[in-house]
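> Prediction below, plus the sequence it came from.
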Amino acid sequence: MLLGRKTYEDWKDYWPASDAQPFAGHINGVSKYVISNTLNEVQWGKSNNISLINDDHLEKLSALKNQNGKNIGIHGSGRLVSSLLYAGVLDEIRLEVYPVVAGSGDRLFPEGSATKSLKLLDQKVTKNGVLIVTYQPLKNT
């Protein structure tokens with residue numbers, strides 16, 4: 001699991017002590033990598049399955065992708081997702097669209113971002129009306 005600095009800071013005090021299942025078991029059980037240019041160290045409760053990547057992150061993420069194992073997920077971390085999408089590192093992007101108009105807040109893609117073409121791979125609507133869409137980023141020409 002990849003976490004940007006802000007998401008890591010929001011999660012680090014809550015999830016290690018949480019028993020909110022099934023999320024806590026997954027979040028606490030997987031290896032976590034925090035991408036940050038400003039942090040010097042990261043901790044996850046009593047666990048040692050967290051690492052800091054603070055330099056050459058694209059190179060290190062490529063090495064992670066080449067290892068055997070399951071998918072690498074990113075939760076939250078909008079700036080990280082956006083930067084990896086435009087760097088061409090993401091194989092898939094899954095978005096959840098909730099039936100709520102927030103009116104304000106952080107944007108996933110910063111104002112003035114370049115156009116990025118996506119191919120729809122899957123779509124689902126939950127019983128609560130949440131739209132879950134999965135896209136494959138395409139190479140823009």
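Yes, it's here. Residues are numbered from 1 along each chain as shown.

> any idea how far Asp19 is from the residue nearest to the spatial centre of the chain?
Residue closest to the average C-alpha location in the chain (C-alpha atoms, centre = their mean): Ile74, at 1.8 Å. Ile74 sits 24 Å away from Asp19, going by C-beta to C-beta, to the nearest Å. Glycine gets a C-beta too; all of them are placed from N, C-alpha and C.

> Show me what stretch 83-90 is in contact with.
58, 61-62, 65, 74, 81, 93, 113-114, 116, 137, 139 (C-beta atoms under 8 Å, 6 or more residues apart in numbering).

> just the residues you listed now: which is nearest Gly25?
Ile74 (18.7 Å; C-beta to C-beta).

> returning to that earlier point: mind giving me TSV with the contacts of stretch 83-90 and columns for secondary structure and distance to Lys127?
Output for the contacts of stretch 83-90, formatted as TSV (DSSP: H, G, I helix; E, B strand; the rest coil; distance: C-beta to C-beta, whole Å):
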residue	secondary structure	distance to Lys127
Leu58	helix	39
Leu61	helix	35
Ser62	helix	39
Lys65	helix	34
Ile74	strand	26
Val81	helix	26
Ile93	strand	24
Ser113	coil	33
Ala114	coil	36
Lys116	coil	31
Pro137	strand	29
Lys139	coil	36
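
> are any of those residues buried, and which?
Among those, those classed as buried by 16 or more other C-beta atoms under 10 Å are 61, 74, 81, 93, 116, 137.

> can you put the residues you listed in CSV and add distance to Lys12 and pLDDT?
What follows is the buried ones among the contacts of stretch 83-90, written out as CSV (distance: C-beta to C-beta, whole Å; pLDDT from 0 to 100):
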residue, distance to Lys12, pLDDT
Leu61, 21, 88
Ile74, 16, 90
Val81, 19, 89
Ile93, 25, 92
Lys116, 30, 89
Pro137, 29, 94
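
> Run through this protein and note the low-pLDDT ranges.
Applying pLDDT under 70 to the chain picks out residues 140-141.

> can you give me the helices in it?
Counting by DSSP state H, the chain has helices at residues 5-11, 23-29, 57-65, 78-86.
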